[in-house]
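> Model the following, please.
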Amino acid sequence: MLSQPFSVSFDLGGGREVTIGTGKLARQADGAVTVQQGNNILLATVVANKEPREGQDFFPLSVDYQEKFASAGRIPGSFFKREGRLSDSEILVSRLVDRALRPLFPEDYFCDVQVLITLISSDSEILPDALACLAASAALAVSDVPIKEIISEVRIGRIDGQFVVNPTRAELAKADMDFIIAATEKNLMMVEGESQECSEEDLVKALQVAHDAIRIQIQAQQELRNKVGISTKRDYPKPEQNEALKAVVAAFTAEKIKTIARGGTAKHDRSAAFKTLKDELVASLGEEADDKTKKQAKKYYEDLQWELVRDMIIDDRTRLDGRKLDQVRPLTMEVDPLPTPHGSALFTRGETQSLTTVTLGTPLDELLVESAAKSDYTKFILHYNFPPFSTGEVKPMRGPGRREVGHGNLAMRSLKQMMPGNEYAYTVRVVSDVLESNGSSSMATVCAGSLALMDAGVPIPKHVSGVAMGLITRGDGKYAILTDILGDEDHLGDMDFKVTGTRDGICGVQMDIKVDGLSMEVMREALSQALNGRLHILDALYECIPAARAEVKPHAPRMEKLIIDKEFIGAVIGPGGKVIQEIQKETGTTINIEEVGNFGEVSIFSNNKEGVVKALNWVKGIVAVPQVGEVYEAKVKTIQPYGAFVEFLPKKEGLLHISEISWKRLDSLEGVLKEGDVVKVKLIGLDQKTGKFKLSRKVLMPKPEQSPRPQQANGQSEEAAD
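Prediction:
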């Protein structure tokens, strides 16, 4: 049966209308909506299986966001000229939506759910990622797929001191805060973004502004759902419960779980102890227990472990590794552990370790970041690798997954705040290889990246550090805020948030909240505790390397930059690139020229400092305007009876007349000059009729004194006697 189209609209402020529609497109999906602002249109669909797969004991949600290049009237630049695997930017948007949606589903819901969001019409000024979660939530709202609440998501930018909801692309370019925030009507769910050293209170204000805007969007979704007539959600099979078995599991394992949890042991020892206890539990059930009972027992054991460890942390104010709640694990770090990379650092915090390298490249190494609306080049790249051995596991090595892309993006956005501007000609690639992981390898990447950048001589003005925080709450109002969480504590917690920054403010945030009723007071307390942890780590970073090295390493490419008048760009390049190719070949350099306004920006790179200097002087010579009175080093090109023609600047020659070579009278230049000689000359004039340069060598030589006149006997000269 074909459904009837329905739509609702709301205003973002300033006449920026957003319309949510359903019933026209993709009508065989369980839920489908379009979200339109300006010419920007997103199509979101949701389909959920009616039954879980046999033996399924986790929630299989998949979220994919994709931008169709046709939405902007473009053809993809790939070999196949069609959209392929999701780009990194699409993966990041998919993660933003996934992290916000996942807590909305019931804990006992194990049916496969697929959410697809597609950009089908693009607007150059409207950023679609800020509307993607609204579209996904609206598709769920108008379906019968069971969700507990409706959510939405907005971007908050601070422009000229004012918070703006979903700023345009042009406005965002001027923002010093950029956060995407998801929430239900009552509670925050997800925060991700970057800022130019904002304060903790600034972040809280941004969250409050975002939440007010989100409530308007939730109300619009509820209105649309009412129009469609969705009043009840579908029922679904729930896992069978065995209360008697739960009691058996609790009696056998509860005290032993507490003993292991209070042991303060290392990760592998603790994991081994918990696994041994699980095996003992299964063995205690006897041979008559079937596979289903054993599987249930393992599940009840894991649930009990989760509950008891949380209670221990809240009641005893102690943690699995024996630390205090606000204590950072031991830190060790060093710079330059690797001889060949342009910069390197090894950062270890407890059982988490990152080996990070920095490579300096030329503008030719810039990364093309392509989306439907536009294509940009970036000169700062950060890649994060998480090999299986870092957690003691055996897994096939594939390409980077969504987790690697997301963690690398957080580290990149944080360190980017301290990177020099466009005047810095190097392309910089940071690679973090996580060698060991037990809690927040992304924050280790930030710290190791900061150290490695300074080791490479990249002129970042301050260190950036990061710390991962956790929160455990209980129904009686008690809670515990954890600094520098372990991997196990990440699983246990109700909130996982990572904060990066300098001593002067926050540079990046990634936050996932799984608990209802998180107050702003608790949020402020958590941010304050995170600040203390961040400052503690920063002190250690400054002890390791207090400032960026004054120069790049001897084996790193040297770089010099020269600003020239726009009219000289063609002269430096030459016909068909002949001149610039000759310079690069003769000096062993790489030269990049960019037109910036009325000027040309010439960047010269080479591992050889002498080559850089030679190329720089060569370019300077091409663009130099000869000045009368200036002294030049000139090379003799040809010898004539009346003098020598010399090249005193590249492609600029002048006559060094025989009378200007020496104070002595010369009949010829034989034995005085020959072709190839290099001599210093002074530009003494320009023939206005011929345009030829007049040069002199003798004016740079001491003028010989004249011999005195002969004296007569009485001491008078002959002239005086006359």
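> low pLDDT regions in this structure?
1-3, 516-517, 688-691, 706-722 (pLDDT under 70).
> Just want the most central residue of it.
residue 412 (2.3 Å; Cα atoms, centre = their mean).
> tell me which element it falls in.
helix 402-416 (DSSP states H and E).
> Go through that helix and flag the buried ones.
Using 16 or more other Cβ atoms under 10 Å as the test for burial, helix 402-416 gives 404-416. Where C-beta positions appear, they are placed from N, C-alpha and C, glycine not excepted.
> which residues does residue 311 contact?
residue 474 (Cβ atoms under 8 Å, 6 or more residues apart in numbering).
> what separates it from residue 250, distance-wise?
Look at residue 311 and residue 250: by Cβ to Cβ, to the nearest Å, they are 13 Å apart.
> how far does the host helix or strand of residue 18 sit from the chain's center?
Using DSSP H and E, residue 18 sits in strand 17-22. Strand 17-22 has its C-alpha centroid displaced from the chain centroid by 32 Å (Cα atoms, centre = their mean, to the nearest Å).
> right, and the helix or strand after that strand?
Using DSSP H and E, the helix or strand that follows strand 17-22 in sequence is strand 31-37.
> what's in contact with that next one?
Applying Cβ under 8 Å, 6+ apart, the contact partners of strand 31-37 are 12, 16-22, 24-26, 41-46, 120-121, 123, 126, 131, 134-135, 138-143, 145, 166, 224.
> What separation do you get for the residue nearest to the centre of the chain and residue 608?
Look at residue 412 and residue 608: by Cβ to Cβ, they are 31 Å apart.
> repeat for residue 511
From residue 511 to residue 608 the distance is 48 Å (Cβ to Cβ).
> do residue 65 as well
47 Å.
> So which of those two has more stuff around it?
Applying other Cβ atoms under 10 Å to residue 65 and residue 608 shows that residue 65 carries more neighbours, namely 28 against 14.
> I'd guess the more buried one is in a strand, am I close?
Yes - under DSSP: H, G, I helix; E, B strand; the rest coil, residue 65 sits within a strand.
> from memory it sits against residue 95, does it?
No - look at residue 65 against residue 95 with Cβ atoms under 8 Å: they stay out of range, at 9.0 Å.
> What's the local residue count around residue 81?
Other residues within reach of residue 81, judged by other Cβ under 10 Å, total 9.
> Hmm, I typed the wrong one, I wanted residue 83.
Neighbour count for residue 83, taken as other Cβ under 10 Å: 17.
> One more: residue 50?
The number of residues near residue 50, taken as other Cβ under 10 Å, comes to 11.
> helix/strand/coil for the closest residue to it other than its chain neighbours?
Spatial nearest neighbour of residue 50, excluding adjacent residues (Cβ to Cβ, 6 or more residues apart in numbering): residue 111 at 6.9 Å. Under three-state DSSP, residue 111 falls in the coil class.
> For residue 111, give me its contacts.
48, 49, 50, 51, 52, 60, 236.
> And for residue 403?
Residue 403 touches residue 386, counting by Cβ under 8 Å, 6+ apart.
> How about the one 5 residues further on?
Shown here is residue 408, whose contacts under the criterion Cβ under 8 Å, 6+ apart are 382, 383, 384, 400, 432, 442, 445.
> Also residue 196?
Applying Cβ under 8 Å, 6+ apart, we find residue 196 in contact with 176, 177, 417, 505, 507.
> at 10 Å instead, please
Applying Cβ atoms under 10 Å, 6 or more residues apart in numbering to residue 196 gives the contacts 158, 175, 176, 177, 178, 417, 418, 504, 505, 506, 507.
> how about JSON lines for those residues, with neighbour count and distance to residue 490 added?
Putting the contacts of residue 196 into JSON lines (neighbours: other Cβ atoms under 10 Å; distance: Cβ to Cβ, whole Å) gives the following:
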{"residue": "158", "neighbour count": "22", "distance to residue 490": "30"}
{"residue": "175", "neighbour count": "21", "distance to residue 490": "30"}
{"residue": "176", "neighbour count": "17", "distance to residue 490": "30"}
{"residue": "177", "neighbour count": "21", "distance to residue 490": "26"}
{"residue": "178", "neighbour count": "19", "distance to residue 490": "25"}
{"residue": "417", "neighbour count": "21", "distance to residue 490": "25"}
{"residue": "418", "neighbour count": "21", "distance to residue 490": "27"}
{"residue": "504", "neighbour count": "11", "distance to residue 490": "28"}
{"residue": "505", "neighbour count": "17", "distance to residue 490": "25"}
{"residue": "506", "neighbour count": "26", "distance to residue 490": "21"}
{"residue": "507", "neighbour count": "26", "distance to residue 490": "22"}
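> wait, which of those residues is closest to residue 87?
Taking Cβ to Cβ as the measure, residue 178 is the one of those closest to residue 87, at 19.5 Å.
> Check the gap between that closest one and residue 154 for me.
As judged by Cβ to Cβ, residue 178 and residue 154 stand 12 Å apart.
> now swap in residue 219 and tell me
Separation of residue 219 from residue 154 (Cβ to Cβ): 14 Å.
> swap in residue 609?
51 Å.
> three-state assignment of the closest residue in space to residue 501 that isn't next to it in sequence?
With sequence-adjacent residues excluded and distances taken as Cβ to Cβ, 6+ apart, residue 501 is closest to residue 507, at 4.6 Å. Three-state assignment for residue 507 (three-state DSSP): strand.
> Good, we can wrap up now.
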